[in-house]
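**Q** What would the 3D arrangement of this be:
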Amino acid sequence: MNIFLFILAIYLILINLITVIVTIYDKLCAVKRRWRVKESTLLILSALGGSISMYITMLLIRHKTRHIKFMLGIPLILIVQLIIAFLIWRYFYV
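**A** Now for the predicted structure:
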């Protein structure tokens, strides 16, 4: 089971790093008025495990903070992820 936790940790680190990079890239494109990253891509990255880093990055760089879809959606995705993580932990470790 330790190898599973190691792989999960590596995955979460990578997906959160990718999410931060893509969010910052989208902000730079917005400032320079270039082609942007699709909102669906940002939401998918969040759903794949990058919700915490997406939310923190959004607040730090003030990106997508006026969009209700992001300001409510990302925290809701994070809450669902935490509930799923708790249920998995409870099933396997308790």
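**Q** Using the three-state scheme, assign the residue nearest to residue 73 when sequence neighbours are not counted.
**A** Nearest residue to residue 73, sequence neighbours excluded (Cβ to Cβ, 6 or more residues apart in numbering): residue 43, at 6.5 Å. All C-beta spots, glycine's among them, are computed from the backbone N, C-alpha and C. Here residue 43 is recorded as helix under DSSP: H, G, I helix; E, B strand; the rest coil.
**Q** Look up how far residue 94 lies from residue 43.
**A** Distance check for residue 43 against residue 94: by Cβ to Cβ, to the nearest Å, it reads 32 Å.
**Q** Kindly report the same for residue 50.
**A** Taking Cβ to Cβ, one finds residue 50 at 27 Å from residue 94.
**Q** which of those two has more neighbours?
**A** Legend: neighbour count by other Cβ atoms under 10 Å for residue 50 and residue 94, higher for residue 50 (27 against 5).
**Q** Run through the residues that contact the more buried one.
**A** When contacts are counted by Cβ atoms under 8 Å, 6 or more residues apart in numbering, residue 50 is found next to 15-16, 18-20.
**Q** How far away from the center of its chain is stretch 30-44?
**A** Offset of stretch 30-44 from its chain centre (Cα atoms, centre = their mean, to the nearest Å): 15 Å.
**Q** Now it: buried residues?
**A** 42-43 (16 or more other Cβ atoms under 10 Å).
**Q** Alpha carbons of that stretch, as CSV, please.
**A** C-alpha atoms of stretch 30-44 as CSV (Å, rounded to 0.1, in the frame of the first residue of the first chain):
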residue,chain,number,x,y,z
ALA,A,30,-5.2,37.5,-21.0
VAL,A,31,-3.0,40.4,-20.3
LYS,A,32,-1.3,40.3,-23.7
ARG,A,33,-4.7,39.7,-25.4
ARG,A,34,-3.6,36.4,-27.0
TRP,A,35,-5.5,33.1,-27.5
ARG,A,36,-6.5,31.8,-24.1
VAL,A,37,-6.8,28.5,-22.4
LYS,A,38,-10.3,27.1,-22.5
GLU,A,39,-12.3,27.4,-19.3
SER,A,40,-13.2,23.7,-19.6
THR,A,41,-9.5,22.9,-19.6
LEU,A,42,-9.0,24.8,-16.4
LEU,A,43,-12.0,23.1,-14.8
ILE,A,44,-10.8,19.7,-15.9
